[in-house]
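Participant: coordinates only, sequence not included:
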């Protein structure tokens, strides 16, 4: 296992829960094709981000080197930090909601107790990277096993699953969730952090053969993100089979409570434990991404622990306000992922430009066909975003 595993937890974070459960409970299996499409695109984008790391750069530092204009770099950094905050908001909220479901802790108190998660973060990140990878294997394993179990007990109809895996269906009612699924799958912060992780890992002399490293990166990336893609699909399938036209599920709490009479207490507890695992593991990746962005774009270095505290302190304010005014966490998750979809071009456009540049990449430069496919994928994301804007105003 390698960097792909660390990045993959970003693809099954609480934001994915919000969009997948919202999509399945409201639109049945109709948006399953969006998950497969977004997962395929993310796989290519993450592969290219990793290639930048193998070439000896992090994406953020390469942006600073190539742009040169300090004001533009500063603006880029602010927007990138906004993406990190939107990501952490979902992860933080996932931990808070999971604690509420498991231990009946009021959301407002859970928000402050969840801040202690930084202590676990400090323990994991102060150890060797191998320890962190093993912890992530445990988190991903818990989430994966829970949803395999949930899919089995909900007994979905596999005929419509196969149909909607390849049959695109989209309208004004489902576009918000669809864009949210894309934003939750093609994560801006994951595109930043992958290059940084690989760059730091390949400093070791044993990784001197770049093409061997590239092959390993490809296998690691495909394997890890395929697992994440299937977990996302399992979330939507479970939600569709359990909740669509059976119960009105507008909140994560309702999803939890609805599972109990339908499929038993164990199914509901498993759901909450998996949500807690997703929140904790993805928040670690989010902090590493924030560190890579600050380090690369500004050259300013602080400890990852300090970085974690700052991000959490900032995000506790909007979460506290949202809880006090009674805003539903599921809606916050969906909206935060929709915002992230609009921020995808921030790392993606530089990735396309840099990996096609032989001066930067050397022998690792993209083939023209790879660049063309990447541009097509990026255009698809932009079209989804424009369609959402159109549906909101017309």
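Facilitator: The structure has been received and is ready for your questions. This one's a predicted model, so the numbers in the text were calculated from it and none came from an experiment. Residues are numbered from 1 along each chain as shown.

Participant: shaky segments in the stretch 51-200 of the chain?
Facilitator: Within the stretch 51-200 of the chain, the set of residues satisfying pLDDT under 70 comprises 117-130.

Participant: all helices of it, in order?
Facilitator: Assigned by DSSP state H, counting those that start in this stretch, the helices in the stretch 51-200 of the chain fall at 59-67, 70-103, 107-113, 117-125, 129-154, 158-166, 175-185, 188-201.

Participant: which one, of the ones you listed, ends up nearest to residue 26?
Facilitator: Residue 26 sits nearest to helix 175-185 of all the helices of the stretch 51-200 of the chain, at 6.9 Å, using CB to CB. From N, CA and C alone the C-beta is placed, and that goes for glycine too.

Participant: show me what the closest one is packed against.
Facilitator: Helices and strands touching helix 175-185, as assessed by 3 or more CB pairs under 8 Å, 6 or more residues apart in numbering; DSSP states H and E, comprise helix 14-27, helix 32-54, helix 329-343, helix 368-393.

Participant: next, the buried residues of that helix.
Facilitator: If you call a residue buried by 16 or more other CB atoms under 10 Å, then helix 175-185 has these buried ones: 175, 176, 177, 178, 179, 180, 181, 182, 183, 184, 185.

Participant: pretty sure the second one is touching residue 388, no?
Facilitator: The one in question is residue 176. Yes: in terms of CB atoms under 8 Å, residue 176 counts as a neighbour of residue 388; the distance is 6.4 Å.

Participant: can the helices and strands packed on helix 175-185 go into TSV with extra columns for distance to residue 137 and mean neighbour count?
Facilitator: As requested, the helices and strands packed on helix 175-185 are exported to TSV (distance: least, CB to CB, whole Å; neighbours: other CB atoms under 10 Å):
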stretch	distance to residue 137	mean neighbour count
helix 14-27	18	28
helix 32-54	18	23
helix 329-343	25	23
helix 368-393	29	14
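
Participant: mind checking these for the one nearest to residue 212?
Facilitator: Taking CB to CB as the criterion, helix 32-54 is the member of the helices and strands packed on helix 175-185 that comes nearest to residue 212, at 10.1 Å.

Participant: helix 158-166 and that closest one, what's the angle between them?
Facilitator: Between the axis of helix 32-54 and that of helix 158-166 there is an angle of 50 degrees, by axes from the mean of the first three to the mean of the last three CA atoms, to 10 degrees.

Participant: let me know the angle separating helix 32-54 from helix 59-67.
Facilitator: Here the directions of helix 32-54 and helix 59-67 differ by 70 degrees (the same axes, to 10 degrees).

Participant: ok, back up a step: quick one: which of the buried residues of helix 175-185 is nearest residue 298?
Facilitator: Relative to residue 298, and with distances defined as CB to CB, the nearest of the buried residues of helix 175-185 is residue 183, at 25.1 Å.
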